[in-house]
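1. sequence first, predicted model second:
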Amino acid sequence: MTMIHLALLDDHPAVLAGLRRLIEHESDLLIVGAAPSAPELARQIGEQRVDVLVLDHDLARSDGLAHCRRVKDRPNPPGVIIYSAFASQALALAARVAHADAVVDKTEPVSSLLAAIRSVAAGETVLPAIPRDVYATATSRLADDDLPVLAMLLGGESLPAIAETLRTDRAEVAWRAQRIIGRLRPGAANRANGSMAEAGGPIPELPRL
């Protein structure tokens, strides 16, 4: 039996405690870190392997989707599951842009999360199709010059590949990718226009997993 190594990042202590209690009964799942913040999670993990990261979408002091984008931009990244109490088709679109492997609603039975963990560990994705009207509404908030970047991100292209195609530097593409994610995520239209994440400004780095 192959053991799946998990990391859990959620700023709700009750969620972390509940997930730990449920997952510990699964013989093929091993939690190597469970923390409310990225720095604490990194300290717990150390040099251990992580196969799947279960990541809260709505972290108190940071953006889970931005963290996902940064994690997936690293060599040999873990699978990432966005775990959210606000799962929707709009969130699924933003998660696809962030290169998440799955989106699971916290209101679903825990069996749905366990199934997603095993699917993602096997290299599969668990993401719903995005209806045309949801896509059109979300992308109407983007600048025209972001649309080619969006298309390439949705196609699974890496940031270096996008930078090469656009003949620009990787830092510029990374900045634009974060700006796109900020504007696509649910509720972005109602946030202040000066929001740092929505404008694509600096977002704290998620420590190495």
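-> Sure, I can see it.

2. centroid residue for this structure?
-> Ranked by distance to the mean C-alpha position of the chain (CA atoms, centre = their mean), the top residue is Cys68 at 3.4 Å.

3. for it, identify the helix or strand it belongs to.
-> In the assignment (DSSP states H and E), Cys68 maps to helix 64-72.

4. mind checking how far the closest residue to Ile4 other than its chain neighbours is from Gly18?
-> Excluding the flanking residues, the one nearest Ile4 by CB to CB, 6 or more residues apart in numbering is Ala121, at 4.5 Å. For the C-beta atoms, the positions are set from N, CA and C on the backbone; glycine is no exception. Plainly put, Ala121 is 21 Å away from Gly18 if you go by CB to CB, to the nearest Å.

5. again with Ala171
-> 39 Å.

6. the more surrounded of these two?
-> Between Ala171 and Gly18, counted using other CB atoms under 10 Å, the more crowded position is Gly18 (14 against 10).

7. hey, which helix or strand in this protein has the poorest pLDDT?
-> Ranked by mean pLDDT, DSSP states H and E, the helix or strand of the chain with the weakest confidence is helix 196-199, at a mean of 36.

8. how near is Leu114 to Glu26?
-> In terms of CB to CB, Leu114 sits 6 Å off from Glu26.

9. how does the chain divide up, domain by domain?
-> Residue ranges for the domains of the chain, per automatic domain parsing: 4-121, 132-199.

10. which SSE is Val32 in?
-> strand 29-35.

11. paired strands for that strand, with orientation please.
-> Strands that pair with strand 29-35, judged by DSSP bridges, come out as strand 4-9 (parallel).

12. contacts for the strand it pairs with next, please.
-> The set of residues external to strand 4-9 that reach it, using CB atoms under 8 Å, 6 or more residues apart in numbering, is 16, 19-20, 23, 28-38, 41, 45, 48-56, 59, 64, 67, 78, 117-118, 121, 209.

13. now the buried members of those.
-> Listed as buried from the contacts of strand 4-9 are 16, 19, 23, 29, 31-38, 41, 45, 50-56, 59, 64, 67, 78, 117-118, 121, 209; burial here means 16 or more other CB atoms under 10 Å.
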